[in-house]
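1. how would this look folded up:
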Amino acid sequence: MHVPHHSASTRWILASALATPFLAACGGGSDAISLVDVPLPQLTAASAAALQSCTDLASKFSFANTTVTATETVAAGGLTVAGKPVRAHCRVTGRMFDRVGPVDGVAYAIGFEMRLPNDWNGRFFYQANGGTDGSVVTATGGINGGAALDNALNMGFAVISSDAGHGPTIGSAFGIDPQARLDYGYQAVGKLTPMAKGLIQTAYGKAPDRSYIGGCSNGGRHAMVAASRYAAQYDGFLVGNPGYRLPLAAIANIAGVQQYAKLASTPSDPATGFTTAERSLVSKAVLNKCDALDGATDGLVQDTGACQAAFNLERDVPTCSGARDGTCLSSAQKTGIAGLFSGATTSAGARIYASFPYDAGLNTAGWASWKFSAPLTRDSGAVAQIWSVPPTPTASFNGTTFALTGNVDNMLAAVNTTNTLYTESAMAFMLPPNPSDLGILRNRGAKVMLYHGTADPIFSSDDSTAWYEVLRGKYSENAANFARFYRVPGMNHCSGGPATDQFDMLTPLVNWVEKGQAPDAVVATARGAGNAASVNSDLPADWAANRSRPLCAYPKVARYSGSGDLNNAANFSCQ
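-> Next up, the predicted model:
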């Protein structure tokens, strides 16, 4: 079995998830790097330029292993975001590295589209897409994880989107092809980035002054990998709910569905192991213990760290004395569910991934989908075919059976293994080589902004907290000079949940990179009735439709000033 060269770092992050409050108090310790007197470079601002050509770009542009398949002029309003027209631009489609897979005989290429504004702001944005990629979605450039009121394209960025090297019809079976695995993991970004900058040079007569990469979920993972592997290529990294240790998170989620299946009243339905009524019961119990810790009883747990110390599932939720009826949890449920929140483990008791914080956002349909359905339909195929060595043959594969009956220890071994055909393990090609070593990025003046919903059911905000604590331990207080982390209370995976989940994190990232304006807080708003982008159905009925809150740079927490409208961010401060 091959153990990847970064495994020690991975174990360190796993251990730190257990001890984040203590690491925060240490202020760096003996491993901290003394950087107090080292000034960081200030990058200059981008300058605008006009699009020189669109329809003839295909004939003017040439780049190795690249085919431009079409160019199209898109008038202002040809696209809309939140009901408003997107500026006029040029759409370019193409592909890179056409080939036929030697193992499966399938045709592969890295498909892409770029959208180039007529009036360009001088910036490039790599739109890192979610899931297992596989389709070229519209290259607009997300400024947060969920429904937003604007996007990078409309702000004037040139934006690229790709399928990361495989098409939409093949599903997880692309993992049969060794190169497709590597393109998905990290190489597509490495191949597309210089090509995209070359296309921008041809289209505008100059290369981008500033380059940004961002995404949520797997897109957040792509951005974190880029911060490690391609730190010299990007100036700003917008990281949302990152699944940066995605194989481990998926295996932990499979371990979770196996536990819920054991608790299920209907054996074929893991969701009956922790019903909507029972999840609502736990959410209310969490609020009873934690809601007021930030000075406001408002349906949000701002002080996530204090809440984990205050709430105890065994003590604070009634134990059933008879049949389960939604007003209590059985003793078996309490043991099983508490174990999953503490972090799913191997047969030897070693934690697979990370703990999950108790939060008010556990009773949503989105939370349930990730916990009870995704292991059967998404995680199973990814673990078995994209990440395992050797991959499970597609003809005999059944995702539900794999997830409910598979051996978790064997899955962990398979994602760490290599052979002569699959020369990089999943733990090598999916993860940042050293997620806490951001020296190249830091020393050239680049910045990272990472956000994570505290009720994310698949990628835990505890994992992001642990990553940031390791960063603080390494760079001491100076970590905040180039990387900041924002927890989004109540938010599920990238959006949804009882949360203020609509925000623009790209503009403050640009202002930090190009103007030196460090973002202590980002104002976020609820998506209530009448929201132009979309309405969040998870919002409590007593919230104002436009409730707002500051998202505070960790470790600060949004606290109520003691007076004023509870729906207004102006009455909260980061402390």
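2. now the closest residue to Pro208 other than its chain neighbours, what's its secondary structure?
-> Nearest residue to Pro208, sequence neighbours excluded (Cβ to Cβ, 6 or more residues apart in numbering): Phe124, at 3.8 Å. Where you see a C-beta, it was placed from the backbone N, CA and C, and this is true even at glycine. On the three-state scheme (DSSP: H, G, I helix; E, B strand; the rest coil), Phe124 is labelled strand.
3. Next up, the contacts around Phe124.
-> Going by Cβ atoms under 8 Å, 6 or more residues apart in numbering, Phe124 touches 157-160, 196-197, 200, 208, 210-212.
4. Which ones among the residues you listed lie within strands?
-> Using DSSP state E, 158-160, 210-212 are the members of these that sit in strands.
5. residues in contact with Ile337?
-> Going by Cβ under 8 Å, 6+ apart, Ile337 touches 259, 263, 274, 282, 313, 329.
6. And those residues, which two are furthest apart?
-> Within the contacts of Ile337, Gln259 and Val282 form the most distant pair, 15.4 Å apart (Cβ to Cβ).
7. the more surrounded of these two?
-> Val282 (23 against 20; other Cβ atoms under 10 Å).
8. if we can go back for a sec, biggest separation within the contacts of Phe124, which pair?
-> Ile160 and Arg210 (14.8 Å).
9. which one of the two has more residues nearby?
-> Just comparing Ile160 and Arg210: by other Cβ under 10 Å the higher neighbour count belongs to Ile160, 28 against 22.
10. Please name the residues that touch that one.
-> Counted by Cβ under 8 Å, 6+ apart, Ile160 has contacts 112-114, 124-127, 139, 192, 196.
11. partner residues bridging it?
-> Using DSSP bridges, the bridge partners assigned to Ile160 are Met114, Tyr126.
12. again, but for Arg210
-> Beta-bridge partners of Arg210, as defined by DSSP bridges: Arg123.
13. re the thing from before, return the member of the ones in strands among the contacts of Phe124 nearest to Asn407.
-> Nearest to Asn407 among those is Ile160, at 40.3 Å by Cβ to Cβ.
14. how much space between the closest one and Leu471?
-> Using Cβ to Cβ, to the nearest Å, we find Ile160 at a distance of 28 Å from Leu471.
15. got the contacts of Ile337 as TSV, with distance to His89, secondary structure and pLDDT columns?
-> Converted to TSV, the contacts of Ile337 look like this (distance: Cβ to Cβ, whole Å; DSSP: H, G, I helix; E, B strand; the rest coil; pLDDT from 0 to 100):
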residue	distance to His89	secondary structure	pLDDT
Gln259	49	helix	98
Leu263	52	helix	98
Phe274	46	coil	98
Val282	47	helix	98
Leu313	51	helix	98
Leu329	53	strand	98
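16. Make TSV from these and add distance to Trp367 to it.
-> Putting these into TSV (distance: Cβ to Cβ, whole Å) gives the following:
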residue	distance to Trp367
Gln259	16
Leu263	16
Phe274	10
Val282	11
Leu313	16
Leu329	16
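17. buried set for stretch 419-429?
-> For stretch 419-429, burial by neighbour count (16 or more other Cβ atoms under 10 Å) applies to 422, 424-429.
18. ok, which pair from these is furthest apart?
-> Greatest spacing in the buried residues of stretch 419-429, by Cβ to Cβ: Tyr422 and Met427 (12.1 Å).
19. Next up, phi/psi of Asn410, please.
-> According to degrees, to the nearest 10, the main-chain angles of Asn410 amount to phi -70, psi -40.
20. Give the burial count for it, as a bare number.
-> Counted with other Cβ under 10 Å, Asn410 comes out at 9.
21. Same question for Asp409.
-> Asp409 is flanked by 15 other residues according to other Cβ under 10 Å.
22. quick one: it is in a helix?
-> Yes: per three-state DSSP, Asp409 lies within a helix segment.
23. That one: what's it in contact with?
-> Listed by Cβ under 8 Å, 6+ apart, the contact set of Asp409 reads 346-348.
24. could I get these as CSV with pLDDT?
-> As requested, those are arranged in CSV below (pLDDT from 0 to 100):
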residue, pLDDT
Thr346, 98
Ser347, 97
Ala348, 97
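25. Most neighbours among those, which one is it?
-> Within those, most neighbours by other Cβ under 10 Å means Thr346, with 15 neighbours.
26. how far away is the residue nearest to that one when sequence neighbours are not counted from Ala403?
-> Leaving aside its sequence neighbours, Thr346 sits nearest to Asp409 (Cβ to Cβ, 6+ apart; 5.3 Å). Asp409 sits 15 Å away from Ala403, going by Cβ to Cβ.
27. for His166, same thing?
-> Remark: distance between His166 and Ala403 (Cβ to Cβ) = 22 Å.
28. what does Pro270 give?
-> Distance of Pro270 to Ala403, computed by Cβ to Cβ: 9 Å.
29. Over to Pro555?
-> 36 Å.
30. Neighbour count: those two, which is higher?
-> Legend: neighbour count by other Cβ under 10 Å for Pro555 and Ala403, higher for Ala403 (28 against 17).
31. for that one, phi and psi?
-> Torsion angles at Ala403 (phi, psi; degrees, to the nearest 10) stand at phi -70, psi -40.
32. Ok, the one 4 residues further on next?
-> Backbone torsions of Asn407, given as degrees, to the nearest 10, read phi -90, psi 120.
33. re the thing from before, from the contacts of Asp409, which land in strands?
-> Using DSSP E, no member of the contacts of Asp409 sits in strands.
34. Columns distance to Pro318 on top of the residues you listed, output as TSV?
-> Converted to TSV, the contacts of Asp409 look like this (distance: Cβ to Cβ, whole Å):
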residue	distance to Pro318
Thr346	32
Ser347	32
Ala348	33
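35. Closest one to Asp538 out of those residues, please.
-> Minimum distance to Asp538 across the contacts of Asp409 is 33.4 Å, recorded for Thr346 (Cβ to Cβ).
36. Report the separation between Phe97 and Gly496.
-> 36 Å.
37. okay, those two: which has more neighbours?
-> Between Phe97 and Gly496, counted using other Cβ under 10 Å, Gly496 has the larger neighbour count: 26 against 17.
38. re earlier: overlap in contacts of Pro270 and Ala403?
-> In contact with both Pro270 and Ala403: Val257, using Cβ under 8 Å, 6+ apart.
39. In this structure, where is pLDDT below threshold?
-> 1-38 (pLDDT under 70).
40. What residues of the helix or strand containing Ala255 count as buried?
-> Using DSSP states H and E, Ala255 maps to helix 246-263. Using 16+ other Cβ under 10 Å as the test for burial, helix 246-263 gives 246-261, 263.
41. Return the distance of it from the chain's centre.
-> How far helix 246-263 lies from its chain's middle: 19 Å, per Cα atoms, centre = their mean, to the nearest Å.
42. which helices and strands does that helix pack with?
-> helix 331-342, helix 399-405, helix 408-415 (3 or more Cβ pairs under 8 Å, 6 or more residues apart in numbering; DSSP states H and E).
43. now those helices as TSV including distance to Asn511?
-> Converted to TSV, those look like this (distance: least, Cβ to Cβ, whole Å):
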stretch	distance to Asn511
helix 331-342	37
helix 399-405	44
helix 408-415	39
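44. All the strands of the stretch 451-575 of the chain, in order from the start?
-> 483-488, 521-525, 548-552, 558-560, 572-574 (DSSP state E, counting those that start in this stretch).
45. could I get the ones you listed as JSON lines with distance to Val225?
-> Formatted as JSON lines, the strands of the stretch 451-575 of the chain follow (distance: least, Cβ to Cβ, whole Å):
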{"stretch": "strand 483-488", "distance to Val225": "15"}
{"stretch": "strand 521-525", "distance to Val225": "23"}
{"stretch": "strand 548-552", "distance to Val225": "24"}
{"stretch": "strand 558-560", "distance to Val225": "30"}
{"stretch": "strand 572-574", "distance to Val225": "29"}
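46. Lovely, talk soon.
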